[in-house]
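[1] Predicted structure and sequence below. I'll ask about it afterward.
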Amino acid sequence: MAQQSINIGTTANDGTGETVRSAFDKTNDNFTELYTDKTKFAAKQDIATTSGTINLDASSYSIFEITSALTGATTLNIQNIVKGQVIDILVTGAQTITIADDFTTSAINQAGSGVYDGASSNHIQVVCIDDNDSDAILIYSVATYTSDTDPA
């Protein structure tokens, strides 16, 4: 849904604006869309698949956790990601990983020097810099992580 603007009339109390009921109906619709989008982009998907192509639908989730260690070569296929969106992928397992997307033409680039470590828990973060279907750009980074409550 596109944002619904409220007609406030030409001047105050001139009778050309919307009724109070109509204005608040649009207000409710606008807030519903905002809260729905917020929930969608904070959602986490647990994935049981441990090899082959795993589709990651960025229009529904922003966090993807592969809940068991990978058992074979895996392609993480990012779908429906949009410019400015960031997704997080949590994965482990001593297997080869490839990152792919559903754009017609794209560049997938790595930021930093972190590499996937199959013996550790890995956090892969992907940001979409450009979602033009014929010239998309995704940038990812990889870091290992461990449970630790003391950041010092």
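    Now that the structure is in, tell me what you want to look at. Numbers count the residues shown, from 1 in each chain.
[2] show me where pLDDT drops low in the protein?
    30, 34-41 (pLDDT under 70).
[3] where do the helices sit along it?
    For the chain, the helices defined by DSSP state H occupy 20-41.
[4] Show me how far stretch 123-135 is from its chain's centre.
    Relative to its chain's centre, stretch 123-135 lies at 10 Å (C-alpha atoms, centre = their mean, to the nearest Å).
[5] The chain should start at 43 in everything you say after this.
    Right, with 43 as the first residue, what we last looked at is stretch 165-177.
[6] Could you tell me which residues within it count as buried?
    Residues of stretch 165-177 classed as buried: I166, Q167, V168, V169, C170, D173 (neighbour count, 16 or more other C-beta atoms under 10 Å). For glycine as for every other residue, the C-beta is placed from the backbone atoms N, C-alpha and C.
[7] Tell me the bridge partners for the fourth one.
    To tie it back to what came earlier, the one meant is V169. Beta bridges link V169 to V128, I181, judged by DSSP bridges.
[8] ok, it touching D130?
    No - contact criterion C-beta atoms under 8 Å: V169 and D130 do not qualify, at 10.3 Å.
[9] All good on my end, thank you.
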